[in-house]
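*Asks:* sequence first, predicted coordinates after that:
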Amino acid sequence: VKNRPVIMVFLDSAGSLSRFADAVRVKDWLEDASELRPIRKLPHVQMSLQ
């Protein structure tokens, strides 16, 4: 996806070719989503385990 290695695992595919169609849909979604930018950046919250 956009020259970055991505591993996708699709479970319980209904048809023999549906996993490939699903992979294309997810790839397209990831490429479209990478163009989006967050409206605002959330502040960093320090968490402690007590």
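*Replies:* Arrived safely, thanks for sending.
*Asks:* below-threshold pLDDT in this structure: ranges please.
*Replies:* By pLDDT under 70, the low-scoring segments of the chain are 34-36, 38, 50.
*Asks:* please, where are all the helices along this protein?
*Replies:* Assigned by DSSP state H, the chain shows helices spanning 18-33.
*Asks:* so which residue is dead centre in this protein?
*Replies:* Nearest to the mean C-alpha position of the chain, by Cα atoms, centre = their mean, lies Leu30 at 5.2 Å.
*Asks:* so what's the residue count around the residue nearest to it when sequence neighbours are not counted?
*Replies:* Among residues not flanking Leu30 along the chain, Val1 sits closest, at 4.9 Å (Cβ to Cβ, 6 or more residues apart in numbering). In this view, the C-beta of every residue, glycine as well, is placed from N, C-alpha and C. Neighbours of Val1 under the rule other Cβ atoms under 10 Å: 14.
*Asks:* cool, and Met8?
*Replies:* A count of nearby residues for Met8, using other Cβ under 10 Å, gives 11.
*Asks:* contacts only, for Glu31.
*Replies:* 1-2 (Cβ atoms under 8 Å, 6 or more residues apart in numbering).
*Asks:* now it: how far from Val45?
*Replies:* 30 Å (Cβ to Cβ, to the nearest Å).
*Asks:* do Ile7 as well
*Replies:* 30 Å.
*Asks:* repeat that for Val24.
*Replies:* Val24 is 37 Å from Val45, where distance means Cβ to Cβ.
*Asks:* more crowded one of the two?
*Replies:* Regarding Val24 and Val45, a neighbour count based on other Cβ under 10 Å identifies Val24 as having more, with 10 against 5.
*Asks:* and the more buried one, what does it touch?
*Replies:* Val24 neighbours (Cβ under 8 Å, 6+ apart): none.
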